[in-house]
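Student: Structure of the sequence below:
(one chain, ligands or ions: 1)
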Amino acid sequence: MHEASIAISLLETVSGLCCQEGFSSIETVRLKVGKAAGILPDALLFAFDVAKTGTVASQAELIIEYVAIGGSCNDCGSQFDSEERYIFACPDCHSTAIKITRGNELQIVDMEVN
Ligand SMILES: [Zn+2]
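Tutor: Down below sits the predicted model:
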């Protein structure tokens, strides 16, 4: 499962940061996930809950901010957001000369530690 390896590397990152800063437990981790990143939030939450057992993040809550896909069109200049998981053409002029600028994120926003 894709999400399981993401959860494990996420835990390694936040645990490392936590220990490096001299804290002993993680309360919350906020993660920004783009819709185009190909991650199912429910699966990631589940994988995180399983993988966190026995780590400094064992009590941690994972909060996922799901980011819509957005971009701009090179032909008509339109700026758009989409609720779709994939977008191949401009919603306004149907040109395929589009640039996706949001929706591929997979990044830690912040975390609360103790
Ligand atoms: Zn367009």
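Student: What distance do you get for residue 90 to residue 74?
Tutor: Note on residue 90: its distance to residue 74, by CB to CB, to the nearest Å, is 9 Å. (C-beta placed from N, C-alpha, C; glycine too.)
Student: And these two? Which one has more around it.
Tutor: Set residue 90 next to residue 74 and count neighbours by other CB atoms under 10 Å: residue 90 wins out with 20 against 13.
Student: Then that one would be within a strand, right?
Tutor: No: using DSSP: H, G, I helix; E, B strand; the rest coil, the assignment for residue 90 is coil, not a strand.
Student: Next one, pLDDT for residue 87 please.
Tutor: pLDDT for residue 87: 88.
Student: in the sheet, who's paired with the residue nearest to it when sequence neighbours are not counted?
Tutor: Leaving aside its sequence neighbours, residue 87 sits nearest to residue 69 (CB to CB, 6 or more residues apart in numbering; 5.5 Å). Using DSSP bridges, the bridge partners assigned to residue 69 are residue 82.
Student: neighbours around residue 69, how many?
Tutor: 21.
Student: isn't it right up against residue 98?
Tutor: No: Residue 69 is not in contact with residue 98 according to CB atoms under 8 Å; the separation is 10.4 Å.
Student: and for the two, which residues touch both?
Tutor: residue 87 (CB atoms under 8 Å, 6 or more residues apart in numbering).
Student: Can you tell me how far the residue nearest to residue 87 is from the ion?
Tutor: 15 Å (CB to the ion, to the nearest Å).
Student: any idea how far that residue is from residue 9?
Tutor: Taken as CB to CB, the span from residue 69 to residue 9 is 23 Å.
Student: how about the residue nearest to residue 87, what does it touch?
Tutor: 34, 35, 36, 81, 82, 84, 85, 86, 87, 100, 102, 103.
Student: The one residue sitting closest to the centre of the chain pairs with what?
Tutor: Among the residues of the chain, the one closest to the centroid is residue 33, at 2.0 Å (CA atoms, centre = their mean). Beta-bridge pairing of residue 33 under DSSP bridges involves residue 66, residue 106.
Student: What pLDDT is listed against it?
Tutor: pLDDT, residue 33: 95.
Student: Now do the contacts for it.
Tutor: 39, 41, 44, 64, 65, 66, 67, 105, 106 are the contacts of residue 33 under CB under 8 Å, 6+ apart.
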